[in-house]
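what's the 3D shape of this:
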Amino acid sequence: MARYELLNNTAHKDLRISTRFGEEFGDNTGVVQVFPTEFAELQREYPIFFRQVEDGGFEAVALLGFEQHENLFVRDGGWHAAYLPGLIARGPFLIGFQEQMVDGQLRNEPVIYVDLDHPRVTRGQDGHPVFLAQGGHSPYLERINTVLRGINHGVEASKAMIAAFQQLDLIQPMQMEVRFDESNAVNLSGLYGIDRERLEALDAQSLHGLQQSGWLEGAYLVGASLYNMRRLIAEKQQRLREETAAPEGTA
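This next block holds a predicted model:
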């Protein structure tokens, strides 16, 4: 269970964060939520889809594997991609808001919370220090600040983008059978994509609206990202070959 505290350089002066990856850190997940503010980076590495959420809306996700708890980007304690999705990169931190007096006015200002029960949290010598010896932000924490700001902006951008796509009926279900070899295949269900034909058939006014809002580029980035399925399939095939070649009892 999460145990969040407001981050400060006194109570958490010795805090360190592991940046290794693996099942023990909760990285064994087949998808991760992503945001349009990171689509340009994501589409170089990951297939991007949409999935339905409880309120009937959608959220964008990057596909990491072909099973619920399979992450094909994690191997030997590392994450093998040039870009790390924001929700993965943030580790045990999240952004919150606290009423503070700024220039004589009471405002909700962003603050950082840390989950002290998160498996990445350590107070030993392993991992990246959160604070410098004199109390200032470490380079690692500065990066986390950037990641959290990106997530905060991305949440609002995602709502606007999804609303625009839904209004134009661009988000459509995708049914895909993926075959890895003669004896291994999977049917991917519950994933949605951008309907390219509907997108290309939009009238000039609708296209202009998407262009002005910036979501037209987002639609094309989602489409372009699907080429990364080849990489994901190749990695799955490699792991299946390794499992087959492993001596009995060592897999």
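
Helices of the stretch 1-150 of the chain, residue ranges please.
Secondary structure of the stretch 1-150 of the chain, counting by DSSP state H, counting those that start in this stretch: helices at 39-42, 86-89, 139-167.

what does the stretch 151-251 of the chain give?
So, for the stretch 151-251 of the chain - with DSSP H, counting those that start in this stretch - the helices run 196-200, 204-213, 215-225, 229-245.

Now do the third one: which elements does it pack against?
Which is helix 215-225. Here helix 215-225 touches helix 39-42, strand 48-52, helix 139-167, strand 185-194, helix 204-213, going by 3 or more Cβ pairs under 8 Å, 6 or more residues apart in numbering; DSSP states H and E. No exception for glycine: its C-beta is placed from N, CA and C like everyone else's.

Mind doing that once more with 10 Å?
helix 39-42, strand 48-52, strand 58-63, helix 139-167, strand 185-194, helix 196-200, helix 204-213 (3 or more Cβ pairs under 10 Å, 6 or more residues apart in numbering; DSSP states H and E).

What of the longest one?
Counting contacts by 3+ Cβ pairs under 10 Å, 6+ apart, helix 229-245 is packed against strand 74-75, strand 171-179.

okay, those, which one's buried deepest?
Highest mean neighbour count of those: strand 74-75, a mean of 18 (counted as mean count of other Cβ atoms under 10 Å).

Contacts for it next, please.
The contact list for strand 74-75 (Cβ atoms under 10 Å, 6 or more residues apart in numbering) reads 20-23, 25, 27-29, 64-65, 80-81, 88, 235, 238-239.

For residue 36, state which of the residues you listed is nearest.
residue 88 (16.9 Å; Cβ to Cβ).

Just list the residues touching the closest one, thanks.
Contacts of residue 88 by Cβ under 10 Å, 6+ apart are 21, 25-27, 29, 32, 34, 62, 64, 71, 73-74, 79, 81, 147.

Then residue 78?
Residue 78 neighbours (Cβ under 10 Å, 6+ apart): 19-22.
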